[in-house]
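>>> Let's see this in three dimensions:
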Amino acid sequence: MQLNDLAPAPGSTRARKRVGRGPGSGRGKTATRGYNGQKSRAGGAKSNGFEGGQTPLARRLPYLPGFKNINRVEYVPVNVSRLNALFNEDDVVDAASLVEKGVIKKETVLVKILGDGELTKKLTVKVDKVSASAAKKIEAAGGKVEAAC
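Presented below is the predicted three-dimensional model:
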């Protein structure tokens, strides 16, 4: 067998339908498109969601209910009780130490310390935000709250 002997299996291929090539071809005149109407004209095929110029259903329905603020800043909450359990006396609580302890996944996320629970250890807290109640508890335990570096 040579390359020139290769051919598709008999009956597996079909000749291309040549439309719009005159009346003798049997597919002239309307070129198998039928008579008048949008679909008979060039460029007349519309997309699946097209509803004749009416606003399509996909655009009439809201994407999601409610309002989504694109300027929202998301913080990862961490309670003082968790700091008390994970950190030792005089430790520095910052993004790097929180990643090391497995509290957050990346140093780039924003962290907010919340005041739920008790704090008995003196800690230096350097995170993005600290709630008023958490700051009060940190300072009552002898620690201090500093701005994030």
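>>> Show me what counts as buried in the longest helix along the chain.
If you go by DSSP state H, the chain has its longest helix at helix 132-140. The neighbour-count check on helix 132-140 (16 or more other Cβ atoms under 10 Å) flags A134, A135, K137, I138 as buried. Bear in mind the C-beta positions are built from the backbone N, C-alpha and C, glycine included.
>>> how about the residues you listed in TSV, adding pLDDT?
Below are the buried residues of helix 132-140 laid out as TSV (pLDDT from 0 to 100):
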residue	pLDDT
A134	95
A135	94
K137	95
I138	94
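>>> and these, which two are the farthest apart?
The largest separation in the buried residues of helix 132-140, counting by Cβ to Cβ, is between A135 and K137 at 7.4 Å.
>>> Now do the shared contacts for these two.
Each of G115 lies in contact with both A135 and K137 under the rule Cβ atoms under 8 Å, 6 or more residues apart in numbering.
>>> got any ranges where the protein has weak pLDDT?
Low-confidence segments of the chain, defined by pLDDT under 70: 149.
>>> quick one: the most far-flung residue of it relative to its centre and R33, what's the gap?
No residue in the chain sits farther from the centre than G24, which is 56.8 Å out by Cα atoms, centre = their mean. Taking Cβ to Cβ, to the nearest Å as the measure, G24 falls 18 Å from R33.
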